[in-house]
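Undergrad: with the input below, show me the fold.
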Amino acid sequence: RPSGHSNTSVDNNKCLVRQLPDCSLASMDPDADLMGLGQHCAVAHCRQVDFLPFTCDCCSRVFCLEHRQYTAHACPAAGFKETEVIVCPICAKGVRLSPGQDPNIAFEAHTRSGCDPANYAKV
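TA: The predicted structure follows:
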């Protein structure tokens, strides 16, 4: 806005007057707490202040980059969202593991039902 004008502007299309924020350095509070901008990681032994924190989509708590994954913060609500897949070396199909499931047991179950070596050539 040109110098000498007040801190208001007029929108000629709608004939409204609105107050513009004063963004000058003189209006800033020198005692403002800049640490209030970030959030602390919810992991008790970490508590790192993060200015771009991650919010877990399962437990809704805030975490730093290091603890953003379900396993990194031992998320009790992760449940079915955390998935692990192994690729069958016989048929090249993906075998989904349940949380905490032994991959060997899942592989055995897969080979007994639905494992087709002919599929390997298709992939």
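Undergrad: Cys58 contacts His73, doesn't it?
TA: No. The pair Cys58 / His73 is not scored as a contact, 9.9 Å apart, by CB atoms under 8 Å. All C-beta atoms are positioned from the backbone trio N, CA, C, and that covers glycine.
Undergrad: which one's more surrounded, these two?
TA: His73 (22 against 15; other CB atoms under 10 Å).
Undergrad: isn't that one right next to Glu66, touching?
TA: No. Using CB under 8 Å, His73 is not in contact with Glu66; the gap is 9.3 Å.
Undergrad: how many residues are close by Phe63?
TA: As a burial measure, Phe63 scores 24 neighbours (other CB under 10 Å).
Undergrad: hmm, it is touching Leu52, no?
TA: No. Here Phe63 does not reach Leu52: they are 11.2 Å apart, not a contact under CB under 8 Å.
Undergrad: what about the strands in the protein?
TA: Per DSSP state E, the chain carries strands over the ranges 8-11, 16-19, 39-40, 49-50, 54-55, 62-63, 84-87, 94-97.
Undergrad: now for the fourth one, which elements pack on it?
TA: What it means is strand 49-50. Under the contact criterion of 3 or more CB pairs under 8 Å, 6 or more residues apart in numbering; DSSP states H and E, strand 49-50 touches strand 39-40.
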